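Colleague: following is a predicted model, sequence given first.
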Amino acid sequence: MDLAVVDLSRLQFALTALYHFLFVPLTLGLSFMLVIMESIYVMTRRPIWRTITRFWGVLFGINFVLGVATGITMEFQFGMNWSYYSHYVGDIFGAPLAIEGLMAFFLEATFVGLMFFGWDKLKPHAHLFVTFMVALGTNLSALWILIANGWMQNPVGATFNPDTMRMEVSDFMAVLFNPVAQAKFVHTVSAGYVIASVFVLGVSAFYLLKGKHKGFAKRSMTVASAFGLAASLSVVVLGDQSGYALTDNQKMKLAALEAMWRTEPAPAGLTAVGIPSMKDRETKYAVHIPYVLGLIATRTIDKPVAGIFELVATAESRIESGVIAYDALEKVKANPNDPAARGVFELHRRDLGYGLLLKRHVADPRQATAEQIQQAAWDTVPNVPLMFWSFRVMAGIGFAMIALFATAFVLCTLRRHETRWFLRLAVLALPLPWLAAEFGWVLAEMGRQPWAVEGVLPTFLGASSLTVPQLWATIVGFTVFYGALAVVEVGLILHAIKKGPFHEQQTFDPAPDTPSETSPGAREPAAAVA
């Protein structure tokens with residue numbers, strides 16, 4: 001396999017995935033915020049809450065459409081750019097994706113039309129149910145996608161069949177309840193809730209800074225502050241659970257994001273800052289915080305945390321075992337009825353993927369030298385500086401979000417919504433959670449390298465037999481097309497925000513007073529919340 005083709009295929013998938021992930025988290029969070037807002041409307045029957053729900057629903061709809069469009073492109077890439085990957089693990093990886101389409105996507109696609117066009121045709125309780133079903137479908141979609149991705153990170157419930165030369169499902173319940181997938185789901189969904197909360201908070205703050213739609217903005221800001229505070233606290237707690245899951249399932253990723261070259265004896269300390277060097281294989285000017293890493297990774301203070309050098313040595317042993325598995329598999333292919341070869345393969349089958357790492361350096365892994373085995377073992381180390389700083393940017397923004405929403409919650413509780421320094425801060429904070437989410441994706445996916453499926457299939461073996469010109473053409477095409485879509489989406493959202501939440505009422509009521517002040521049920525003091 002031409003490594004340039006592999007790298008370009010990875011680049012293309014990374015660009016489309018990063019772009020797609022701009023829309024998904026906002027959709028996840030806004031869907032349940034709509035449920036909260038509409039629930040208040042159903043309980044109070046105040047028209048202002050109906051207006052609030054419909055306005056944020058319009059922005060949800062714009063974002064939803066772009067999320068669907070970009071997600072479909074990603075699905076096609078598995079067959080077009082990663083055909084051998086799809087062939088090798090499609091029995092397992094394809095099942096959650098199929099269920100996502102049949103269960104979750106069809107669910108939200110069925111109800112989303114009723115949500116937008118059923119306001120005047122459904123009773124309030126019925127429309128609230130429709131909105132809830134859209135939110136449920138959206139979050140179930142994330143669940144099945146992350147079950148598929150979690151299996152790539154921790155391939156449980158599947159075995160390699162030497163007769164078909166493919167991975168096959170052996171325990172679907174193990175795939176479904178994969179601890180890595182469950183931890184990724186709750187962490188990712190909580191991050192989406194934070195993004196939606198920051199979005200609602202920032203737009204509401206913008207209105208208050210402009211002195212527009214104050215009743216609307218204060219109510220939206222109050223919902224966002226409470227929902228965002230709970231979500232931001234959840235992100236940190238559930239992120240800690242994700243870190244704990246790495247201890248048993250992805251030790252190299254944990255060591256890389258901590259730039260921990262040598263095993264940390266108990267109680268393991270956390271490296272707060274430092275300058276990791278792949279060349280020197282050390283972290284310079286490191287500042288350690290005692291005990292913290294041990295508590296995160298092992299939930300104890302008496303267990304060590306494995307470092308990169310120790311894990312590379314382990315990988316070297318597994319590669320040697322994988323060579324034996326590869327040799328036995330070749331004998332089984334030549335003579336399927338060879339019991340001795342099958343017996344040897346069964347003893348070493350779990351290391352076959354490590355043996356395949358050698359194909360990057362030699363055509364036949366059985367011909368590999370000691371130096372090539374050592375080189376392949378070091379291939380299991382991801383980009384340590386990228387991992388180290390991605391984690392710290394993501395975590396730093398996470399704690400900043402807690403501070404932001406805690407402040408917002410206190411100000412809303414004290415009815416001091418129009419504190420101008422905070423409103424400016426809320427508007428400036430708008431891009432931060434998206435930045436954290438993108439770095440989180442980089443951390444998850446780059447930390448798995450060099451594996452397409454951890455310990456099973458190296459990434460460079462999964463790509464299709466494409467050419468470099470073909471890949472550059474599609475990369476440029478996607479970039480231009482997605483760039484145009486981004487301009488359209490941002491333009492539509494800004495246009496909706498500029499029109500404001502009362503545009504429809506103003507169309508029929510040209511009175512100079514704003515509908516927030518004149519519409520029925522909205523005459524209470526501006527500081528009122530519900």
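Modeller: Structure received.

Colleague: tell me which element the closest residue in space to Leu11 that isn't next to it in sequence falls in.
Modeller: Using Cβ to Cβ, 6 or more residues apart in numbering and skipping residues adjacent in sequence, the residue nearest Leu11 is Ile475, 6.6 Å away. C-beta here means a position set from N, CA and C on the backbone, and glycine is covered the same way. Assigned by DSSP states H and E, Ile475 belongs to helix 468-499.

Colleague: who's in contact with stretch 428-447?
Modeller: 14, 17-18, 21-22, 25, 149, 153, 184, 188, 191-192, 194-195, 198-199, 201-202, 250, 252-253, 256-257, 382-383, 386-387, 390-391, 393-394, 397-398, 400-401, 404 (Cβ atoms under 8 Å, 6 or more residues apart in numbering).

Colleague: mind giving me the ChimeraX command for buried ones among those?
Modeller: Buried residues among these (16 or more other Cβ atoms under 10 Å), as a ChimeraX selection:
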select :17,21,22,25,149,153,184,188,191,192,194,195,198,199,201,202,250,252,253,256,257,382,386,387,390,391,393,394,397,398,401,404
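
Colleague: any low-confidence regions in this structure?
Modeller: Applying pLDDT under 70 to the chain flags the ranges 1, 503-530.

Colleague: try 80 this time
Modeller: The chain contains residues with pLDDT under 80 at 1-2, 239-248, 264, 266-267, 291-302, 503-530.

Colleague: if we can go back for a sec, what distance separates the helix holding Ile475 from the centre of its chain?
Modeller: Mean-position distance between helix 468-499 and its chain equals 21 Å (Cα atoms, centre = their mean, to the nearest Å).

Colleague: which positions in that helix come out as buried?
Modeller: For helix 468-499, by 16+ other Cβ under 10 Å, it's 471, 474-475, 478, 482, 485, 489, 492-493, 496.

Colleague: now, among these, which is nearest to Leu352?
Modeller: Closest approach between the buried residues of helix 468-499 and Leu352, by Cβ to Cβ: Leu471, at 28.6 Å.

Colleague: now that closest one. Nearest residue, chain neighbours left out?
Modeller: Leu8 (4.0 Å).

Colleague: and the one you found, what does it touch?
Modeller: Applying Cβ under 8 Å, 6+ apart, the residues contacting Leu8 are 468, 471-472, 475.

Colleague: one more: Ile92?
Modeller: 151, 155, 157-158, 167-169, 175.

Colleague: sec struct for Gly274, please.
Modeller: strand (DSSP: H, G, I helix; E, B strand; the rest coil).

Colleague: wait, it touches Ala286, no?
Modeller: Yes. The criterion here is Cβ atoms under 8 Å, and Gly274 meets it with Ala286 at 3.6 Å.

Colleague: anything in contact with each of those two?
Modeller: When contacts are counted by Cβ under 8 Å, 6+ apart, Gly274 and Ala286 are jointly contacted by Ala259.

Colleague: how far does stretch 171-186 stretch from start to finish?
Modeller: 23 Å (Cα to Cα, to the nearest Å).

Colleague: show me what counts as buried in the helix or strand containing the residue nearest to Leu471.
Modeller: Taking DSSP H and E as the criterion, Leu8 maps to helix 3-20. Across helix 3-20, burial judged by 16+ other Cβ under 10 Å covers 5-6, 8-10, 12-13, 16-17, 19-20.

Colleague: next SSE after the lengthiest helix in the chain?
Modeller: Determined from DSSP state H, the single longest helix within the chain is helix 214-249. The element immediately downstream of helix 214-249 (helix or strand, assigned by DSSP H and E) is helix 251-257.

Colleague: make TSV out of the buried residues of helix 3-20 and add distance to Phe32.
Modeller: Shown next, in TSV, are the buried residues of helix 3-20 (distance: Cβ to Cβ, whole Å):
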residue	distance to Phe32
Val5	41
Val6	39
Leu8	38
Ser9	35
Arg10	33
Gln12	32
Phe13	29
Thr16	26
Ala17	24
Tyr19	23
His20	20
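
Colleague: ok, the residues you listed vs Asp120, which is closest?
Modeller: Taking Cβ to Cβ as the measure, His20 is the one of those closest to Asp120, at 33.5 Å.

Colleague: contacting residues for the closest residue in space to Ser242 that isn't next to it in sequence?
Modeller: For Ser242, ignoring the flanking residues on the chain, the nearest one in space by Cβ to Cβ, 6+ apart is Ala183 at 4.5 Å. The neighbours of Ala183, taking Cβ under 8 Å, 6+ apart as the test, are 150, 238, 241-242, 244-245.

Colleague: confirm His288 sits in a strand?
Modeller: Yes. Using three-state DSSP, the assignment for His288 is a strand.

Colleague: where does it sit relative to His125, distance-wise?
Modeller: Distance from His288 to His125, counting by Cβ to Cβ, to the nearest Å: 56 Å.

Colleague: settle it for me: which of these two has more neighbours?
Modeller: Comparing His288 with His125 by other Cβ atoms under 10 Å, the one with more neighbours is His288, at 16 against 8.

Colleague: so what's the more buried one bridging to?
Modeller: Bridge pairing for His288 (DSSP bridges) gives the partners Thr271.

Colleague: these two touch, right, it and Val273?
Modeller: No. Applying Cβ under 8 Å, one finds His288 not in contact with Val273, separated by 9.7 Å.

Colleague: now do the contacts for the residue nearest to Ala126 when sequence neighbours are not counted.
Modeller: Of all residues not flanking Ala126 in the chain, Gly118 sits nearest, at 7.9 Å (Cβ to Cβ, 6+ apart). With contact taken as Cβ under 8 Å, 6+ apart, Gly118 is in contact with 126-127, 130.

Colleague: turn the residues you listed into a markdown table, including distance to Asp364 and secondary structure.
Modeller: Listed next are those as a markdown table, based on distance: Cβ to Cβ, whole Å; DSSP: H, G, I helix; E, B strand; the rest coil:
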| residue | distance to Asp364 | secondary structure |
| --- | --- | --- |
| Ala126 | 66 | helix |
| His127 | 64 | helix |
| Val130 | 60 | helix |
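
Colleague: which one of these is nearest Ser234?
Modeller: Among the contacts of Gly118, Val130 lies closest to Ser234 (Cβ to Cβ), at 26.2 Å.

Colleague: that closest one is in contact with Phe117, isn't it?
Modeller: No. Counting by Cβ under 8 Å, Val130 stays clear of Phe117, with 10.3 Å between them.

Colleague: quick one, which of these two is more surrounded?
Modeller: More crowded of Val130 and Phe117, by other Cβ under 10 Å: Val130, with 20 against 10.

Colleague: how about the more buried one, nearest residue that isn't a chain neighbour?
Modeller: Leaving aside its chain neighbours, Val130 sits nearest to Leu114 (4.6 Å; criterion: Cβ to Cβ, 6+ apart).

Colleague: in the helix or strand where the one you found lies, which residues are buried?
Modeller: Counting by DSSP H and E, the element that carries Leu114 is helix 106-117. For helix 106-117, a neighbour-count test (16+ other Cβ under 10 Å) marks 107-108, 111-112, 114-116 as buried.

Colleague: may I ask which two of these are separated the most?
Modeller: The span of these, defined through Cβ to Cβ, is set by Leu107 and Phe116 at 15.6 Å.

Colleague: how far away is Val456 from Leu357?
Modeller: For Val456 relative to Leu357 (Cβ to Cβ), the value is 11 Å.

Colleague: the more surrounded of the two?
Modeller: The residue with more neighbours, out of Val456 and Leu357, is Leu357; 27 against 21, by other Cβ under 10 Å.

Colleague: which non-adjacent residue is nearest the more buried one?
Modeller: Closest to Leu357 by Cβ to Cβ, 6+ apart is Ala376, at 4.3 Å.

Colleague: one more: His127?
Modeller: Counting by Cβ to Cβ, 6+ apart, the nearest residue to His127 once its immediate chain neighbours are dropped is Gly118, at 5.7 Å.

Colleague: gap between that neighbour and Thr131?
Modeller: With distances taken as Cβ to Cβ, Gly118 is found 10 Å from Thr131.
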